[in-house]
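K.L.:
how does the following fold in three dimensions:
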Amino acid sequence: MKNKKLGRGLDPLVTVFIIIVIAVLLTYIMPAGQFADAVDEAGNKIIDMDTFEFVDRAPVSFLSIPQLIANAFSKAIGMIVLIAAGAGAIEVIRKTGAIDAIIGLTLEKTGGNGKKALWIVSLIFTLLSCATIPHVFIPFTPMCVALALALGYDDFTGTAMILLATVVGANGAPIAPGTAAAQGLLGLPAYSGFGYRFTIMLIFHVVTTFYLIRYAERVKKDASLSVVEMNEERRKMLENFKVADYPKLNKRHIAVMIAMVLCFAAIVYGGYVHSWGNYDIAAAFGVMGVICGLIGSMNANSISKFFVNGVKGLTSTYMIIGMATAVTSIFSKGNIINSIIYYLCKGFGRWPVLLAPVGIMFAVAIINLFVPSLNGKIPLVLPILGPVCKVLGIHQQLLIITYTFGDSFTNFILPYNSGLVGFLEAGQVKFGSWFKFFKGLLALWFLLGAIILMVLQLVGIGPF
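P.N.:
Numbering: from 1, shown residues only. Alright, predicted model coming up:
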């Protein structure tokens, strides 16, 4: 039986296309600007606020939208290949029965206790995501959905479980490659301040998991409170998952899972130590699928068949990612990114020192609406915010945490963020349904983030 996408709102492809049209319209409305090229004493390229000047608008033609979308796919191909390889590998592993056996074991060990299972699974993915890019985990979404259904929760809970866990890991980013890049730009030792960021990650994990469990338990008691619609077909699917017969965990299943963990550890290590990119990680996923398939007693034809089936299962996800990438290209081509940054950063000197980090967090969050990329914002924003923070008495280490908050929080309200739409598509969740659930948590995150920043400013975080 085919699962239908349920929930109100436009199809994600239509939503992203509307966003693309709005982005083009903004290039006609907003003033264009640029910074002169400049370097510091160490030869690093920086942005000098004093060199900002307005330039003639460079509006993007509406007729060029098809070409921009096509070009965007070439820029997004690395991410698409990575997700496709991950989806294929996970499908091979799923067909060995190992994942279903792990779900059964989780149910057995928790006695069907949904709360305990949610705590365990969320913590695992939070710890994994603190060291690597979140969209690596998109292929795991169906597994989490299956677990949620088996525990008697709605399928939305499964998608939210893994999606929230990955952003919680990003909130602290103790050993994420982007953290090292940002610290190097500000003259800090790579991965310094690990203790601060790891503690922050655990705080957000506890708060976020409580929020998710509260929703899941309420929906378990009253299905009408779910943020996704449930027709008769969906209800029958739920019942089938609840009574599913999960295989007993055997030695072969354990061997498959050990191989998967080792391969995944190699991916994290490669990203952390050798700066692996999308293609490197995709290759590792391919190796993972082959090794786990062989351990699971599959022949070459079976491994190939299941791998391709896994890749095909996320076709719509690849379409969304490619189109979403066009939005940032439009902002850049229209020369409006620098104008936005200039106006946002100009007034920081008026903020009280205790509240200044909070103001910077919100500024980065707003910039993130236009440049939803951690690495893309680092050379644009930090060379400006670094000197400002020094003048205001805000340590550069605190700026790293502030920047991370601003970058990660609003990623999950952007219908054109490729990582978000990838998770939602994999879990068959409409953006409107997600936003209905997430808006309260977003407000809570900003409040918690503001409190943490003010406390760290008071106690004088730093130097390392």
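K.L.:
list the helices and strands the helix or strand containing Ile203 packs on?
P.N.:
Counting by DSSP states H and E, the element that carries Ile203 is helix 194-221. With contacts taken as 3 or more Cβ pairs under 8 Å, 6 or more residues apart in numbering; DSSP states H and E, helix 194-221 sits against helix 114-129, helix 155-172, helix 396-409, helix 431-459. Bear in mind the C-beta positions are built from the backbone N, C-alpha and C, glycine included.
K.L.:
mind putting those helices into JSON lines with distance to Asp280?
P.N.:
Converted to JSON lines, these look like this (distance: least, Cβ to Cβ, whole Å):
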{"stretch": "helix 114-129", "distance to Asp280": "17"}
{"stretch": "helix 155-172", "distance to Asp280": "20"}
{"stretch": "helix 396-409", "distance to Asp280": "23"}
{"stretch": "helix 431-459", "distance to Asp280": "30"}
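K.L.:
any idea which of these is most buried?
P.N.:
Ranked by mean neighbour count under mean count of other Cβ atoms under 10 Å, these are led by helix 155-172, which reaches a mean of 27.
K.L.:
tell me which other helices or strands that helix touches.
P.N.:
Using 3+ Cβ pairs under 8 Å, 6+ apart, the elements in contact with helix 155-172 are helix 114-129, helix 141-150, helix 194-221, helix 396-409, helix 418-426, helix 431-459.
K.L.:
okay, the angle between the shortest one and helix 155-172?
P.N.:
If I follow you right, that is helix 418-426. 160 degrees (axes from the mean of the first three to the mean of the last three Cα atoms, to 10 degrees).
K.L.:
can you tell me what sits against helix 418-426?
P.N.:
12, 16, 76, 79, 83, 134-135, 138-139, 141-142, 159, 162-163, 166, 314, 316-317, 320-321, 324-325, 411-412, 414-415, 429-431, 434 (Cβ atoms under 8 Å, 6 or more residues apart in numbering).
K.L.:
sorry, back to before: angle of the helix holding Ile203 against helix 114-129?
P.N.:
Using the same axes, to 10 degrees: helix 194-221 against helix 114-129 is 150 degrees.
K.L.:
next, the buried residues of helix 194-221.
P.N.:
Neighbour-count burial for helix 194-221 flags 196-198, 200-205, 208-209, 211-213, 215-216, 219-220 (criterion: 16 or more other Cβ atoms under 10 Å).
K.L.:
re earlier: let's have the helices and strands packed on helix 155-172 in TSV, adding distance to Ile295 and mean pLDDT.
P.N.:
Listed next are the helices and strands packed on helix 155-172 as TSV, based on distance: least, Cβ to Cβ, whole Å; pLDDT from 0 to 100:
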stretch	distance to Ile295	mean pLDDT
helix 114-129	21	84
helix 141-150	18	80
helix 194-221	32	91
helix 396-409	36	87
helix 418-426	25	82
helix 431-459	36	92
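K.L.:
mind checking which of those is nearest Ala32?
P.N.:
For Ala32, the closest of the helices and strands packed on helix 155-172 is helix 396-409, at 24.0 Å, according to Cβ to Cβ.
K.L.:
for the closest one, packing partners?
P.N.:
Under the contact definition 3+ Cβ pairs under 8 Å, 6+ apart, helix 396-409 sits against helix 155-172, helix 177-185, helix 194-221, helix 356-370, helix 374-392, helix 431-459.
K.L.:
can you say which of the ones you listed is nearest to Ser304?
P.N.:
Counting by Cβ to Cβ, Ser304 lies closest to helix 155-172 out of the helices and strands packed on helix 396-409; the figure is 27.0 Å.
K.L.:
tilt between that closest one and helix 141-150?
P.N.:
Using the same axes, to 10 degrees: helix 155-172 against helix 141-150 is 130 degrees.
K.L.:
quick check: angle from helix 155-172 to helix 431-459?
P.N.:
30 degrees.
K.L.:
what is the rounded mean pLDDT of helix 155-172?
P.N.:
The average pLDDT within helix 155-172 is 86.
K.L.:
tell me the helix or strand right after the least confident helix or strand in the chain by mean pLDDT.
P.N.:
Within the chain, no helix or strand scores below helix 232-242, which has a mean of 57 by mean pLDDT, DSSP states H and E. Note on helix 232-242: by DSSP H and E, the next helix or strand toward the C-terminus is helix 251-273.
K.L.:
average pLDDT across that next one?
P.N.:
Helix 251-273 comes out at a mean pLDDT of 83.
K.L.:
following element in sequence after that helix, please.
P.N.:
Next along from helix 251-273, by DSSP H and E: helix 278-295.
K.L.:
buried residues in that following helix?
P.N.:
Neighbour-count burial for helix 278-295 [16+ other Cβ under 10 Å]: 278, 280-286, 288-295.
K.L.:
what comes into contact with stretch 334-342?
P.N.:
So stretch 334-342 is contacted by 23-24, 26-27, 30-35, 47, 49, 52, 54-55, 57-60, 331, 366-367, 370-371, 380-381, 384 (Cβ under 8 Å, 6+ apart).
K.L.:
can we see that at 7 Å?
P.N.:
26-27, 30-35, 52, 55, 58-60, 331, 367, 370-371, 380-381, 384 (Cβ atoms under 7 Å, 6 or more residues apart in numbering).
K.L.:
kindly report the same for stretch 95-104.
P.N.:
Under Cβ under 7 Å, 6+ apart, the answer for stretch 95-104 is 93, 143, 146-147, 150, 246-249, 253, 256-257, 292, 296, 306.
K.L.:
show me how far it is from its chain's centre.
P.N.:
Centroid separation for stretch 95-104 versus its chain: 26 Å, with Cα atoms, centre = their mean, to the nearest Å.
K.L.:
distance from stretch 280-290 to the middle of the chain?
P.N.:
Taking Cα atoms, centre = their mean, the mean C-alpha location of stretch 280-290 is offset from the chain mean by 21 Å.
K.L.:
spit out the contact partners of the residue lying closest to Phe362 once chain neighbours are set aside.
P.N.:
Nearest residue to Phe362 in three dimensions, chain neighbours excluded: Gly406, at 6.9 Å (Cβ to Cβ, 6 or more residues apart in numbering). Shown in contact with Gly406 (Cβ under 7 Å, 6+ apart): Met361, Phe362, Ala363, Val364, Ala365, Asn368.
K.L.:
now, which of those sits nearest Ile69?
P.N.:
Among the contacts of Gly406, and counting by Cβ to Cβ, the member closest to Ile69 is Asn368, at 22.0 Å.
K.L.:
tally of neighbours for Glu229?
P.N.:
For Glu229, the neighbour count with other Cβ atoms under 10 Å is 11.
K.L.:
again, but for Phe423
P.N.:
28.
K.L.:
any idea how far it is from Ile83?
P.N.:
Separation of Phe423 from Ile83 (Cβ to Cβ, to the nearest Å): 10 Å.
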